[in-house]
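In: Next input, structure requested:
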Amino acid sequence: MNRVDDFLVIAPPVLVPTQLPVGAWLFASQLKGNGVHAILYDASIEFFNYTLFETLNSTNTSLSKSSLWRRAQRAVHYFRNNRIFDAHQHRTHINNLHRYLIRWSGQFKGWRLGLTDVTLDRIPPHDPEQFIRYVSDGGCTPFTAFLHTQLIPAIQGIAAKTIGVSVTYLSQIYFAIELGVALNRMDIKPVLGGALINVLDEKIGTPFDFNGLYTRIPPGGRLLVTGSVDSPLELPRLIHPLARYFTPAPIIPIPLSRGCYWNRCLFCPDANRAYSIFKSEALIQFLTAAMELVNSDDVIFNISDSAIPLGQLTKLLPFFKRHNARFYGFLRFETLLTQANQFARMQESGAVLLQFGLESGSQRLLDLYQKGIDLPQAEQILNLAHAHGIRNYVYLLFGLPTEEDSDREATLQFIRKNRRAIDYLNISIFNLPTDCALLAQPDRFDIIPADEIAYRKPLQLYVPFRGRSGSVRVEARKFIQGQFQRDSLVRPILLNTPDRLRIDHAVFFE
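Out: Below you'll find the predicted structure:
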């Protein structure tokens, strides 16, 4: 029986189908820690399971039980039942699954839905007003059947006093709006929250609510404070079993802090935001409860910080070792990592993979953007981690303003030189955030932003720009697609890197 103070937290699709939704999970956990009976419903993983297993796609008979549909189901079976993934087999399965979803979504005019994103022709997610009209006028989406045959009945059955929707990414906007319209027609006013919504609040200066579809204040007139690290964490009730995710072992996200302790990178939209650390005692208590919830001999913790505080991690290593748990997450290239036994302790405590935001192999660019990275030290750290059997996932960011051919070549040479210590690569091209320090110094960084009208919508998070000599992003893309990806020493790393469900599946590679 549900209590009158039940708070149902819904995470809309599209999110990666590999782990509990980080934002909604943390929000529900803090609600529970504040004495609210919180319930978490991951609508994204339920949508994927419904689409792949619980409907015969009767509106598109050419796909019903087709060979592509069967290959997509085999892909999910492979991801759930193989403790170790083979790179070649993984690429085949992930592409079959992605292709099926795209083909399936093609029955809805203008829509394209994959494993990690969704788009609608002529109505981008940063134009919510237009999409609200689309849904209100009866527009059909890939989510409509799931929403009305699965989620709405579940909401009615749970009968929670409050319904909250947690939005972290633009890929969740379409479903959040369609859900909001449906609930309003039922005379239910849901509560809106999440990391993306908090950003929009700051950007526009007032609470963002999708033109009144949502409220920002739960019943009772008090906005629950769940963002503070002083707020205790307790496990919420989960509607779905963890076996629903597309992984052979459960991945549990856990934050050690909020914000970034470095907090100086000039291109970061989150720079200068407050930084705070969760108490280690509270984290250990929460981790212990999570282990009991999972009840498995193979648990992986995703330490979800943008930069893991090493002091806090050190306090948790005995817990990971004692419970034979594994973990992964982002580290900065800190001097402490070069000291004796640091990686040995991590490895024996379950560190299977570490992520490093190198961004560039050009010391000039790293210094210009205040990354705080010394390339010789970064090289030493990568090789130390590798020597201790910990895999390295390196993130590169091309197309930074003022980037020149020599900077791109320096990055290529760094990867070539350290190829044996780099297991996976993530390659991105820089997008200029609407809220970052670079826009205050356009001349210094050779930035000519587009006219303000092109990016003044609240959900337009990036600014189109060019430099005086043209588009550095175009030059970066040419370099990546040509010299970088075709390099004989780099290409094996790229082929070994999981496609689409990248980091969450990389932990299951050897």
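In: contacting residues around residue 363?
Out: 374, 375, 410 (CB atoms under 8 Å, 6 or more residues apart in numbering). All C-beta spots, glycine's among them, are computed from the backbone N, C-alpha and C.
In: can you list those residues in TSV and add pLDDT?
Out: Listed next are the contacts of residue 363 as TSV, based on pLDDT from 0 to 100:
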residue	pLDDT
374	98
375	98
410	98
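In: Among the residues you listed, which lie within helices?
Out: 375, 410 (DSSP state H).
In: Now which of the contacts of residue 363 would you call buried?
Out: Buried by 16 or more other CB atoms under 10 Å: 375, 410, out of the contacts of residue 363.
In: residue ranges with poor pLDDT in the stretch 101-250 of the chain?
Out: Scanning the stretch 101-250 of the chain for pLDDT under 70 picks out 218-230.
In: do the chain as well
Out: Checking the chain against pLDDT under 70 turns up 1-5, 55-65, 218-230, 451-456.
In: Can you give the domain ranges for it?
Out: Domains of the chain are assigned by automatic domain parsing as 7-204, 249-506.
In: Could you provide the ones you listed in JSON lines, with additional columns for distance to residue 236?
Out: Shown next, in JSON lines, are those (distance: least, CB to CB, whole Å):
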{"stretch": "domain 7-204", "distance to residue 236": "4"}
{"stretch": "domain 249-506", "distance to residue 236": "10"}
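In: can you tell me which residues contact residue 284?
Out: Residue 284 makes contact with 316, 319, according to CB under 8 Å, 6+ apart.
In: Please give the element, helix or strand, for it.
Out: Secondary structure from DSSP states H and E places residue 284 in helix 280-294.
In: Let me know the next secondary structure element after that helix.
Out: Counting by DSSP H and E, what follows helix 280-294 is strand 300-303.
In: can you pull out the strands in the stretch 1-150 of the chain?
Out: With DSSP state E, counting those that start in this stretch as the criterion, the stretch 1-150 of the chain has strands at 7-11, 38-42, 111-113, 118-120.
In: Residue 394 falls within a strand, correct?
Out: Yes - counting by DSSP: H, G, I helix; E, B strand; the rest coil, residue 394 is found in a strand.
In: Which residues are in contact with residue 476?
Out: Residue 476 touches 398, 399, 403, 408, 429, 430, counting by CB under 8 Å, 6+ apart.
In: Next up, phi/psi of it, please.
Out: Main-chain torsions, residue 476, degrees, to the nearest 10: phi -60, psi -40.
In: From the contact counts, what lies against the lengthiest helix in the chain?
Out: Assignment by DSSP H gives helix 87-105 as the longest helix of the chain. Helices and strands touching helix 87-105, by 3 or more CB pairs under 8 Å, 6 or more residues apart in numbering; DSSP states H and E, are helix 43-53, helix 67-81, strand 111-113.
In: now those in CSV, with distance to residue 233 and mean neighbour count?
Out: Compiled in CSV, the helices and strands packed on helix 87-105 are given as follows (distance: least, CB to CB, whole Å; neighbours: other CB atoms under 10 Å):
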stretch, distance to residue 233, mean neighbour count
helix 43-53, 21, 21
helix 67-81, 28, 16
strand 111-113, 33, 20
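In: neighbouring contacts of the longest helix of the chain?
Out: Applying CB under 8 Å, 6+ apart, the contact partners of helix 87-105 are 51-52, 57, 60, 63, 68-69, 71-72, 74-76, 78-79, 111-115, 118, 142, 495-496, 498-501, 505, 509.
In: if you set the cut-off to 7 Å instead, what comes out?
Out: By CB atoms under 7 Å, 6 or more residues apart in numbering, the list of residues contacting helix 87-105 from outside reads 51, 57, 60, 63, 68-69, 71-72, 75-76, 78-79, 111-115, 142, 495-496, 498-501, 505, 509.
In: Check stretch 433-440 too.
Out: In contact with stretch 433-440 (CB under 7 Å, 6+ apart) are residues 203, 266-269, 271, 401, 432, 445, 447, 449, 455, 460-463.
In: Kindly report the same for stretch 311-319.
Out: Contact partners of stretch 311-319, identified using CB under 7 Å, 6+ apart, comprise 256, 257, 277, 280, 283, 284, 287, 345, 346, 349.
In: burial of residue 351, as a residue count?
Out: Using other CB atoms under 10 Å, residue 351 has 24 neighbouring residues.
In: With adjacent residues omitted, what lies nearest to it?
Out: Excluding the flanking residues, the one nearest residue 351 by CB to CB, 6 or more residues apart in numbering is residue 390, at 5.2 Å.
In: go on, residue 191?
Out: Spatially, and ignoring its direct neighbours in sequence, residue 191 is nearest to residue 164 (4.3 Å; CB to CB, 6+ apart).
In: Show me what the one you found is bridged to.
Out: Beta-bridge partners for residue 164, by DSSP bridges, are residue 9, residue 191.
In: give me every residue that touches it.
Out: By CB under 7 Å, 6+ apart, the residues touching residue 164 are 7, 8, 9, 10, 190, 191, 193.
In: Residue 120 too?
Out: Counted by CB under 7 Å, 6+ apart, residue 120 has contacts 110, 111, 174.
In: Let me have those in JSON lines, extended by distance to residue 360.
Out: Below are the contacts of residue 120 laid out as JSON lines (distance: CB to CB, whole Å):
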{"residue": "110", "distance to residue 360": "38"}
{"residue": "111", "distance to residue 360": "36"}
{"residue": "174", "distance to residue 360": "34"}
